[in-house]
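Trainee: I'd like to go over a predicted model; first the sequence, then the structure.
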Amino acid sequence: MTKMRTVDAAVAILEKEGATEAFGLPGAAINPFYSAMRNHGGIRHTLARHVEGASHMADGYSRSQDGNIGICIGTSGPAGTDMITGLYAAWADSIPMLCITGQAPVAKLHKEDFQAVDIESIAKPVTKMAMTVLEPGQVPGAFQKAFQLMRSGRPGPVLLDLPIDVQLAEIEFDIDAYEPLAVEKPRASRKQLEKALDMLTAARHPLIVAGGGVINAGASAELVELAELLGVPVIPTLMGWGAIPDDHPLMAGMVGLQTSHRYGNETMLASDFVIGIGNRWANRHTGGLDTYTAGRTFVHIDIEPTQIGRVFSPDLGIASDAGAALAGLVDLARERQAAGTLPDYSGWAAECAGRKATMHRKTHFENIPIKPQRVYEEMNKAFGKDTTYVSTIGLSQIAGAQMLHVFGPRQWINAGQAGPLGWTAPAALGVVRGKPDQTVVALSGDYDFQFMIEELAVGAQFNLPYIHVVVNNSYLGLIRQSQRGFNMEQNVSLAFENINSTGLSATASGYGVDHIKVAEGLGCKAIRVEDPNDLASAFGKAKAIMGEFQVPVVVEVILEKVTNISMGVEINAVNEFEALAETREDAPTAILALQA
């Protein structure tokens with residue numbers, strides 16, 4: 001056996017577990033761990049500007065590719081509390097992420113030592129495990145258990161807190177004798193899947209709802225194969241968007257109160273059976289349950305047994321990994337296809353496609369200041385099918401989900417349930433780490449962008465190129481829209497003007513922060529657009545600049561200040577504030593051209 005510091009053992013374990021991408025900020029209480037990373041040399045570390053930013057970078061990295069686990073590292077006290085929002089975002093969306101914090105010496109933990117906080121207790125509600133490791137000999141086992149938990153069942157984050165004296169202690173450890181623990185995932189039985197398929201094939205208008213669990217399981221190909229074997233349309237949730245390409249004939253649109261398509265909601269309302277796979281029935285997807293469930297039979301398949309029945313009781317619930325369930329359903333569907341016992345759903349699929357070709361929102365506007373719909377139309381034209389979009393919350397994200405197109409799994413990366421402002425920029429940097437040489441485009445409103453704008457400097461320092469589209473209406477637009485019912489738009493401050501920055505146009509001078517100067521001051525490049533007819537050239541220029549300088553490029557679009565984006569409180573009562581598309585020219589980038 002070899003005697004070594006616990007931190008040297010921990011870093012060797014990270015490499016053996018395949019987690020070699022770290023984001024963080026060093027500090028006194030975590031310096032031993034950093035020294036171990038430096039001595040080892042196999043863990044790449046990206047220095048963030050804020051520990052919350054580092055946590056979102058690790059989160060974005062985890063989401064970017066199957067099997068990734070990002071690491072966030074920080075010192076004691078406020079570094080750990082700064083990570084909580086990042087842990088919450090990862091926990092809420094079932095994302096594996098490892099946070100490591102330094103801590104005061106064990107003997108000082110009850111003495112209110114400098115920067116000593118009970119981060120274990122603080123982090124427990126938003127992690128699969130949070131542990132302050134009090135004994136040096138427990139360090140290898142704590143890391144071993146952390147990786148097993150992050151990968152088993154419903155994935156999620158873990159926090160390990162390491163007192164400095166525990167980090168410095170020596171233990172006997174042999175990395176060659178270390179083995180990862182077996183990952184545990186439930187698998188549906190053949191009998192369970194036969195019942196689910198029997199219920200589906202007894203329906204006239206069935207749908208498959210594909211959630212983020214399909215993405216997490218790396219099972220998008222199996223989802224598409226199942227849909228094609230059965231001829232049944234698919235409704236992806238926001239977290240499952242991309243599991244079936246938007247241009248696939250059986251992709252029937254998204255459903256919900258905000259991030260939804262008109263044709264998706266109408267197709268849901270016309271269905272009589274729904275099988276949900278790897279989804280949570282989130283409230284922004286379902287709206288009122290009476291409307292959502294009326295006249296429909298439900299099967300719910302989820303990796304976490306306690307998720308089944310949490311929102312409403314399905315007619316059949318099955319605890320299973322989405323990949324295992326889909327593989328089993330594909331096998332059964334092939335058997336029944338060979339036996340000639342599958343129903344013909346071509347008429348139903350054609351009916352759904354007909355809605356997809358007619359129920360469009362208008363995107364082509366010539367207004368100045370620019371209407372946001374036109375921005376997404378031009379993004380559809382400018383960015384190819386291999387583009388990965390990163391966004392989190394606000395009218396920008398809602399409108400983007402209604403109008404952008406996604407063509408593959410992990411090409412829409414979104415902090416869906418937590419929706420923390422500021423997540424987008426650092427998460428995009430983590431995605432770039434996970435998808436080198438691929439096109440990454442982030443989408444933010446001005447407030448989301450400003451929350452962690454300092455992280456742009458990380459992209460400049462480490463040459464992490466991506467395009468960040470900032471739709472600037474100098475407003476907390478989603479909050480303003482939600483305040484309409486309270487008659488308080490003019491009474492609660494949600495906006496501000498820039499009164500000191502020089503060189504701005506008459507329009508842009510009333511739009512708060514001069515994002516161009518800030519971005520360039522942080523080492524990045526930036527372009528401002530005020531005319532919708534300049535968007536195409538701006539996106540083209542941004543791609544060229546990004547390629548030349550290998551840094552983030554900000555494209556700020558000056559929008560009309562007050563915009564109301566389509567949303568409602570029931571899936572059958574979404575308010576359409578703008579004119580709907582009446583001709584193909586009204587929605588020129590729709591997946592299916594408008595049919596009169």
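Mentor: Here it is on my side, so go on.
Trainee: contacts, neighbours, all on C-alpha from now
Mentor: Noted.
Trainee: Low-confidence bits of the chain, can you list those?
Mentor: With pLDDT under 70 as the threshold, the chain has low-confidence stretches at 1, 476-503, 506-510, 596.
Trainee: which residue is nearest the middle of it?
Mentor: The central residue of the chain, meaning the one whose C-alpha is nearest the mean C-alpha position (Cα atoms, centre = their mean), is Asn414 at 2.4 Å.
Trainee: ok, what's across the strand from that residue?
Mentor: Counting by DSSP bridges, Asn414 is bridged to Ser391.
Trainee: these two touch, right, it and Ile398?
Mentor: No - applying Cα atoms under 8 Å as the test, Asn414 and Ile398 come out as separate, 11.0 Å apart.
Trainee: May I ask you to name the longest helix in this structure?
Mentor: helix 322-339 (DSSP state H).
Trainee: helices or strands up against that one?
Mentor: Identification of packing neighbours for helix 322-339 by 3 or more Cα pairs under 8 Å, 6 or more residues apart in numbering; DSSP states H and E yields helix 190-201, helix 212-216, helix 220-230, strand 297-302.
Trainee: if I look at Val274, how far off is Leu316?
Mentor: Separation of Val274 from Leu316 (Cα to Cα, to the nearest Å): 11 Å.
Trainee: same deal with Phe449?
Mentor: 43 Å.
Trainee: cool, Ala54 as well?
Mentor: Following Cα to Cα, the distance that separates Ala54 from Leu316 is 41 Å.
Trainee: Same drill for Phe449 and Leu316, tell me which one is more crowded.
Mentor: For Phe449 versus Leu316, neighbours defined as other Cα atoms under 10 Å are more numerous around Phe449 (25 against 17).
Trainee: ok, that one touching Val470?
Mentor: Yes - distance between Phe449 and Val470: 7.1 Å, which falls inside the contact criterion (Cα under 8 Å).
Trainee: Check the contact lists of Val274 and Leu316 and give me the overlap.
Mentor: Where contact means Cα atoms under 8 Å, 6 or more residues apart in numbering, the residues bridging Val274 and Leu316 through contact with each are Phe298, Val299.
Trainee: which residues in the stretch 401-550 of the chain form strands?
Mentor: 412-414, 440-445, 467-472, 525-529 (DSSP state E, counting those that start in this stretch).
Trainee: do you know which of these lies nearest Gly256?
Mentor: strand 412-414 (15.9 Å; Cα to Cα).
Trainee: Give me the contacts around that closest one.
Mentor: Here strand 412-414 has contacts from Gly60, Arg63, Ser64, Met239, Trp241, Gly242, Thr388, Tyr389, Val390, Ser391, Thr392, Val406, using Cα under 8 Å, 6+ apart.
Trainee: Output the helices and strands packed on helix 322-339 as a markdown table; include the columns distance to Ile453.
Mentor: Formatted as a markdown table, these follow (distance: least, Cα to Cα, whole Å):
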| stretch | distance to Ile453 |
| --- | --- |
| helix 190-201 | 48 |
| helix 212-216 | 28 |
| helix 220-230 | 34 |
| strand 297-302 | 37 |
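Trainee: winner for burial among the ones you listed?
Mentor: Each of the helices and strands packed on helix 322-339 was scored by mean neighbour count; the highest is helix 212-216, a mean of 27, by mean count of other Cα atoms under 10 Å.
Trainee: So what touches it?
Mentor: Identification of contacts with helix 212-216 by Cα under 8 Å, 6+ apart yields 66, 93, 220, 223, 237-241, 243, 277-279, 302-303, 321-323, 409-410.
Trainee: from the chain's centre, how far out does it sit?
Mentor: Taking the mean C-alpha point of helix 212-216 and that of its whole chain, the gap between them comes to 11 Å (Cα atoms, centre = their mean, to the nearest Å).
Trainee: Mind checking the helices and strands packed on helix 322-339 for the one nearest to Met129?
Mentor: Using Cα to Cα as the measure, helix 212-216 is the one of the helices and strands packed on helix 322-339 that comes nearest Met129, at 19.4 Å.
Trainee: quick one: Val166 is in a helix?
Mentor: Yes - using DSSP: H, G, I helix; E, B strand; the rest coil, the assignment for Val166 is a helix.
Trainee: From the structure, what's the count of residues near the nearest residue to it once chain neighbours are set aside?
Mentor: The spatial neighbour of Val166 that comes closest, neighbours along the chain excluded (Cα to Cα, 6 or more residues apart in numbering), is Pro136 at 5.1 Å. Neighbours of Pro136 under the rule other Cα under 10 Å: 19.
Trainee: My read is that Pro136 contacts Ile171, right?
Mentor: Yes - A contact is recorded between Pro136 and Ile171 when judged using Cα under 8 Å, the distance being 6.9 Å.
Trainee: Overlap in contacts, the two.
Mentor: Overlap between the contact sets of Pro136 and Ile171, as judged by Cα under 8 Å, 6+ apart, is given by Thr6.
Trainee: ok, so what distance separates the nearest residue to Pro140 once chain neighbours are set aside from Cys99?
Mentor: Leaving aside its sequence neighbours, Pro140 sits nearest to Ala10 (Cα to Cα, 6+ apart; 6.3 Å). When distances are taken as Cα to Cα, Ala10 and Cys99 turn out to be 13 Å apart.
Trainee: Among the two, which residue is more densely surrounded?
Mentor: Using other Cα under 10 Å as the criterion, Ala10 and Cys99 rank with Cys99 on top: 27 against 23.
Trainee: Surely the more buried one is in contact with Gly156?
Mentor: No - with contact defined as Cα under 8 Å, Cys99 does not reach Gly156; the gap is 11.3 Å.
Trainee: quick one, strands of the stretch 151-300 of the chain?
Mentor: Assigned strands in the stretch 151-300 of the chain, in chain order: 158-163, 170-173, 206-210, 234-236, 273-277, 297-302 (criterion: DSSP E, counting those that start in this stretch).
Trainee: Go ahead and name everything in contact with the shortest one.
Mentor: Contacts of strand 234-236 from elsewhere in the structure, counted by Cα under 8 Å, 6+ apart, are 207-211, 227, 242-244, 250-255, 264.
Trainee: just to revisit the earlier point, A strand includes the residue nearest to Pro140, no?
Mentor: No - secondary structure assignment (three-state DSSP) places Ala10 in helix, not in a strand.
Trainee: Look up the residues forming beta bridges with Ile467.
Mentor: Those that pair with Ile467 in a beta bridge, by DSSP bridges, are Val441, Val553.
Trainee: Now do the same contact list for it.
Mentor: Taking Cα under 8 Å, 6+ apart as the definition, contacts of Ile467 comprise Val440, Val441, Ala442, Ala542, Lys543, Met546, Pro552, Val553, Val554, Val555.
Trainee: Burial check on the third one, number of neighbours?
Mentor: So the one you mean is Ala442. The burial metric for Ala442, expressed as a neighbour count using other Cα under 10 Å, is 25.
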